[in-house]
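Chemist: Sequence and predicted structure, then a few things I'm wondering about:
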Number of protein chains: 2
Amino acid sequence: MNIPKCDLPRVVIIGGGFGGVALAKKLRNQEVQVVLIDRHNYHTFQPLLYQVSTGGLEPDSIAYPLRKILQDSPNNYFRLAEVLEIQADKNTIFTDIGPLDYDYLVLATGSITNFFGNTNIESNAMAMKTIPQCLNLRSLILENFEDALLTDDLNQREALMNFIIVGGGPTGVELAGALAEIKKGILPKDYPDLDTRIAQINLIQGGDRLLPTMSSQASEKAEKFLRKLGVNVYKNMRVTDYDGHLVSTNTDDTFEAETMIWAAGVQGAMIHGLNANDIVARGNRLKVDEFNRVAGFENIFAIGDIAMMQTESNPFGHPMVAQPAIQQGNSLGANFLRMLKNESLVPFEYVDKGSMATVGRNKAVVDMKSFKFQGVFAWFVWMFVHLFFLIGFRNRAIVFVNWVYNYIRFDREARLIIRPYKKNKKVN
Amino acid sequence: MNIPKCDLPRVVIIGGGFGGVALAKKLRNQEVQVVLIDRHNYHTFQPLLYQVSTGGLEPDSIAYPLRKILQDSPNNYFRLAEVLEIQADKNTIFTDIGPLDYDYLVLATGSITNFFGNTNIESNAMAMKTIPQCLNLRSLILENFEDALLTDDLNQREALMNFIIVGGGPTGVELAGALAEIKKGILPKDYPDLDTRIAQINLIQGGDRLLPTMSSQASEKAEKFLRKLGVNVYKNMRVTDYDGHLVSTNTDDTFEAETMIWAAGVQGAMIHGLNANDIVARGNRLKVDEFNRVAGFENIFAIGDIAMMQTESNPFGHPMVAQPAIQQGNSLGANFLRMLKNESLVPFEYVDKGSMATVGRNKAVVDMKSFKFQGVFAWFVWMFVHLFFLIGFRNRAIVFVNWVYNYIRFDREARLIIRPYKKNKKVN
């Protein structure tokens, strides 16, 4: 990997998501050598991925070059690599560009889509965890409409315009809302020669309410918003199979749909070598103590989605979203600095800053500790908070311009098929 | 293709570039049925492609949805298709989504890269005529630097950081300048652990001056600007072969380079069925009369790069750039409207609005009829003109924000490897 050896302790961080970036920033210009490894050369602002899928934002505006985050800190290194295995007894990781020794290892690998072992669904459904995946989905949605124009088979045309979104969490709700707005605002203008009323947006939720991690107020309002936008919301329904055309469920309902988006679950992005049963908790997450140290290891840490820190206030671990990752990255960074000074470590304490989801134009739901609200104001809060947490001034400016434009013009101009999906199904 | 038959004459336009779009706009809400066909669902603003290749602009900001251009004009249709053959005797085109009859056919297919029959170069060099090609180049440039970090073979490292740009027209000059600025402003910060001084930008021009279609003043100044930026400019040199590593030339010079960008020529994008020798002129362009009618046909027209209209003032046809295409699209559109009213047609007259090229920050060259200038003011004129001709308010706003940011911060934040190129060489 060509990382120079030096006298400073080497901290290897795997993953440049919210947690890894927060940690790397904390360790800038400190007495440690930091090696940040990611399979992409950019940080992805995942909360806005659904807007890339639906043509509201360009991918580049929610991505930020990881090398730029490390600039001007001479002991920081970045490597574009995929980690294949960890050999903890040798303090070494193995990657597709060679091995690397570490003094401290931090797993900030985040999460991947959980298909719960259903390989049919895995190979036929679309996932939405990375920018390439979202660009594939953007292409597929647009290609479907183009194909719908061409077929004279009404069943096939309906299937091409039938969208099944599985999972009623924030991603599913936000995607359903965005698709419903496209159906209403863009399709009739773009496809005057197609009866776009037959387009269906179906949101399927396994539990008895949407946004199950939020307040019941938020759940109810989100569902009301979605129904108002014309989304068909199915609750207490689980998708059991999908062959690329027919969606089977645990009820009598089936759907014929060319597009199914799977947002029904995530799991920790585990790396071979650390997946011994006793340290892996529910959801494929690594058990960590309150200092984010992985159970049984002195010098291996995990932060963010991949970390399962069970505390009294969070008996099932922290939610797999940005805030715990950022806070754990900061906390672990501060603890590294304490270690360097031989000070005693401070346990992590999660500050719940609330949660929110947007359904569409002027429609969002926000839960704060003592204040829950929905509607226009919630929508502005949602936008403000997302702009605030986006990394980089340029990205903020570009996203802001897009949002203002989209709001005024009821439009989404990034409806571009840059890389066809159907013709190139193997592309990642 | 599912285009409804109606009593109006059907005009089929192949290609949504500058010419096709200008023509389609002219025919909006007129007594004709218009079918616009393109293999992409967006218009590409080609003059800024080099900024996509070099991370200065996101691809989506120089692309514009073609369907949006046709909105609110009920007799206009768009089809995403590739035209395979024209059968002029049957007034029919054949595409990958089926055949279509026409009353009038307009070829606005533009141009493709001309490798002059050298298949080695074609398969090993990078082209820069489409957004996917430019994204491939963006990925490759960045991947090369990542790989340069990893190798201990100094020759290989140099080859990875050696960029050969073939062709001293505007594309080659602009790309060379942008790469030189990246070398100077971004590489040292992004790759502190790499000796980025060994990066070489080589511009190879077959003739004895750069920008041969511009004034000698512009040529000299552009070369001076490039040399100041550290670009190695070779004149009177032709690249004869490239195996992916070794660049051979017609002189004694050879170069070891992992990246060669071919901007040395374009040719008309011909379609099978119209390529009879007697109507094809130099550069694979279709001979047209002053009404843009293809020689020998009553109802087939060609505009833009694919059209060769030889006039007294332009004995070799018009330059293969945006302005003639736009003007011919407008002229042909006006003539179609005259035909509908049985008025006599007006021959095309080209208004040369001048030409320009940019080398980098504060460095551009502009030739106008009676006024030639170079430097800072030329650079501002260049930016203003490009913003003006970009289609769509949103694109203008996004490009403007990017340029202001890049100018103030000496930065280019779209240095993202969204789709790896080396791992996926087959991707288009």
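Modeler: On my side now, so go ahead. Residues are numbered from 1 along each chain as shown, chains lettered A, B, ... in the order given.
Chemist: in the helix or strand harbouring residue A:223, what's buried?
Modeler: Following DSSP states H and E, one finds residue A:223 within helix A:216-228. The neighbour-count check on helix A:216-228 (16 or more other CB atoms under 10 Å in any protein chain shown) flags A:218-219, A:221-223, A:225-226 as buried. No exception for glycine: its C-beta is placed from N, CA and C like everyone else's.
Chemist: Which other helices and strands does it contact?
Modeler: helix A:170-185, strand A:232-234, strand A:355-360, strand A:363-368, strand A:371-375 (3 or more CB pairs under 8 Å, 6 or more residues apart in numbering or on different chains; DSSP states H and E).
Chemist: Ok, which of those comes nearest chain B?
Modeler: Each of these has some distance to chain B by CB to the nearest CB; the shortest is helix A:170-185, at 11.6 Å.
Chemist: following that closest one, which helix or strand comes up?
Modeler: Downstream of helix A:170-185, the next assigned helix or strand under DSSP H and E is helix A:187-190.
Chemist: For that following helix, list every residue counted as buried.
Modeler: Neighbour-count burial for helix A:187-190 [16+ other CB under 10 Å]: A:187, A:190.
Chemist: quick one: is that helix near chain B?
Modeler: Yes: with CB under 8 Å from any CB of the partner chain as the measure, helix A:187-190 is seen reaching chain B through A:189-190.
Chemist: Need the CA coordinates for whichever helix or strand comes after that helix. PDB is fine.
Modeler: For helix A:187-190, the succeeding helix or strand toward the C-terminus, using DSSP H and E, is strand A:200-204. What follows is strand A:200-204, C-alpha atoms only, in PDB (Å, rounded to 0.1, in the frame of the first residue of the first chain):
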ATOM      1  CA  GLN A 200     -48.900   3.200  -9.700                       C
ATOM      2  CA  ILE A 201     -46.700   3.900  -6.700                       C
ATOM      3  CA  ASN A 202     -47.100   1.200  -4.100                       C
ATOM      4  CA  LEU A 203     -45.400   1.300  -0.700                       C
ATOM      5  CA  ILE A 204     -45.400  -2.000   1.200                       C
END
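Chemist: how much space between the residue nearest to residue A:9 when sequence neighbours are not counted and residue B:194?
Modeler: Once flanking residues are discounted, residue A:9 sits nearest to residue A:103: 4.2 Å by CB to CB, 6 or more residues apart in numbering or on different chains. For residue A:103, the distance to residue B:194 equals 24 Å [CB to CB, to the nearest Å].
Chemist: Between those two, which has more neighbouring residues?
Modeler: Neighbour count, other CB atoms under 10 Å in any protein chain shown: between residue A:103 and residue B:194, residue B:194 has more, with 19 against 13.
Chemist: Might one say that the more buried one is in contact with residue B:147?
Modeler: No: using CB atoms under 8 Å, residue B:194 is not in contact with residue B:147, being 10.6 Å away.
Chemist: if we can go back for a sec, now the helix holding residue A:223, how far from the centre of its chain.
Modeler: Distance of helix A:216-228 from the chain centroid (CA atoms, centre = their mean, to the nearest Å) equals 22 Å.
Chemist: who's in contact with that helix?
Modeler: A:173, A:176-177, A:180, A:203, A:209-212, A:214, A:233, A:357, A:359-360, A:363, A:365-367, A:372, A:374-375 (CB atoms under 8 Å, 6 or more residues apart in numbering or on different chains).
Chemist: Can you say which of these are buried?
Modeler: Buried, going by 16+ other CB under 10 Å: A:173, A:176-177, A:180, A:203, A:209-211, A:214, A:233, A:357, A:359-360, A:363, A:365-367, A:372, A:374, out of these.
Chemist: I'd like to know how far the closest residue to residue A:57 other than its chain neighbours sits from residue A:181.
Modeler: Spatially, and ignoring its direct neighbours in sequence, residue A:57 is nearest to residue A:51 (4.3 Å; CB to CB, 6+ apart). For residue A:51, the distance to residue A:181 (CB to CB) stands at 11 Å.
Chemist: Show me which of those two is the more surrounded one.
Modeler: Neighbours were counted for residue A:51 and for residue A:181 using other CB under 10 Å; residue A:51 has more, 26 against 22.
Chemist: Next up, the contacts around the residue in the stretch 151-300 of chain A positioned nearest to chain B.
Modeler: Using CB to the nearest CB, the closest approach of the stretch 151-300 of chain A to chain B is made by residue A:190 at 4.2 Å. For residue A:190, the contacting residues are A:145, A:415, B:65, B:67-68, B:71, by CB under 8 Å, 6+ apart.
Chemist: Inside strands: which ones of those residues?
Modeler: residue B:65 (DSSP state E).
Chemist: now that we have the contacts of residue A:190, which one has the most neighbours?
Modeler: residue B:65 (27 neighbours).
Chemist: Touching, that residue and residue A:413? I think so.
Modeler: Yes: at 6.2 Å, residue B:65 counts as touching residue A:413 under the criterion of CB under 8 Å.
Chemist: for the record, mean pLDDT for stretch A:194-204?
Modeler: Mean per-residue pLDDT for stretch A:194-204: 95.
Chemist: Show me what counts as buried in that stretch.
Modeler: Result for stretch A:194-204 [16+ other CB under 10 Å]: buried residues A:194, A:196, A:199-204.
Chemist: same thing with stretch A:305-312?
Modeler: A:305-309.
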